[in-house]
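Peer 1: Structural data only, the sequence is not supplied:
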């Protein structure tokens with residue numbers, strides 16, 4: 001694809017969100033409140049089933065549970081966003097009746113889904129992660145709070161790469177099957193549970209731990225939590241997790257690029273779009 005076409009798709013994604021927020025002030029307010037609502041839900045569930053001391057005992061480290069679950073909340077929001085906006089977008093386009101027009105557009109559908117969404121993801125994730133900066137500064141101090149915020153920004157940015165391909169695989173599946181129900185309603189929570197967003201994967205049964213190893217969100221969670229678990233960032237584990245995420249990004253995006261093309265052809269052949 002030519003660079004000019006890529007710029008067009010990126011620009012369309014940026015302008016769509018800017019004008020949407022400009023004309024929907026209530027949505028902007030909801031976007032700003034949403035991260036703390038999610039954090040309150042996660043922390044509330046934690047206190048419902050155990051105490052901070054029990055959590056520290058299970059983890060084996062003397063850490064602040066709030067800082068730990070801030071990282072979980074950030075990854076949960078990122079994962080839900082990518083899977084809905086990339087994987088679930090096929091359903092929305094089908095329900096609107098415009099999926100055939102998107103498929104026959106000059107750009108590959110996989111390219112359209114991904115490139116038009118990337119600016120939105122980066123914009124919203126930056127705002128939502130930075131929203132937690134005052135809380136982290138209050139809990140950890142200025143220096144530690146800023147460092148932890150930067151690590152989480154790195155985690156959700158690098159973690160986006162394999163998750164885009166992972167979500168596009170579901171988009172190709174939805175193209176190939178005549179499925180109208182919104183399977184992401186139950187798929188998203190399962191992915192988040194297996195990824196360790198709600199509880200560490202090290203405490204899961206062995207079979208769940210094995211499943212978690214193939215999910216890109218698992219390594220995004222671990223990368224985001226490194227800074228919550230230790231007082232200062234260590235380069236070796238961060239580099240290791242980034243390497244795994246980049247490898248998964250290559251695998252998932254190549255698979256999604258091939259399979260979504262096959263899904264488009266099969267959908268048009270069977271007339272189910």
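Peer 2: Sure, I can see it. On a predicted model such as this, the values are computed, not experimentally measured, just so you know.

Peer 1: Tell me the spacing between residue 26 and residue 200.
Peer 2: 37 Å (Cβ to Cβ, to the nearest Å). Where you see a C-beta, it was placed from the backbone N, CA and C, and this is true even at glycine.

Peer 1: Between these two, which has more neighbouring residues?
Peer 2: Between residue 26 and residue 200, counted using other Cβ atoms under 10 Å, residue 200 has the larger neighbour count: 18 against 7.

Peer 1: what distance separates stretch 27-38 from the centre of its chain?
Peer 2: 16 Å (Cα atoms, centre = their mean, to the nearest Å).

Peer 1: Buried residues in that stretch, which are they?
Peer 2: In terms of neighbour count (16 or more other Cβ atoms under 10 Å), stretch 27-38 has its buried residues at 35, 38.

Peer 1: Please state the mean pLDDT value computed over it.
Peer 2: For stretch 27-38, the mean pLDDT works out to 84.

Peer 1: swap in stretch 253-273?
Peer 2: Stretch 253-273 shows a mean pLDDT of 68 in the predicted model.

Peer 1: what's the helix or strand for residue 19?
Peer 2: helix 3-23 (DSSP states H and E).

Peer 1: Counting by contacts, list what that helix packs against.
Peer 2: Packed against helix 3-23 by the contact rule (3 or more Cβ pairs under 8 Å, 6 or more residues apart in numbering; DSSP states H and E) you find helix 25-49, helix 109-115, helix 118-131.

Peer 1: Swap in 7 Å and give it another go.
Peer 2: The contact analysis (3 or more Cβ pairs under 7 Å, 6 or more residues apart in numbering; DSSP states H and E) places helix 3-23 against helix 109-115, helix 118-131.

Peer 1: got the buried residues for stretch 156-166?
Peer 2: For stretch 156-166, a neighbour-count test (16+ other Cβ under 10 Å) marks 156, 157, 158, 159, 160, 161, 162, 163, 164, 165, 166 as buried.

Peer 1: Sticking with the most centrally placed residue in the chain, tell me its helix or strand.
Peer 2: Geometric centre of the chain, nearest residue: residue 79, 2.2 Å, by Cα atoms, centre = their mean. For residue 79, the element it lies in under DSSP H and E is helix 65-82.
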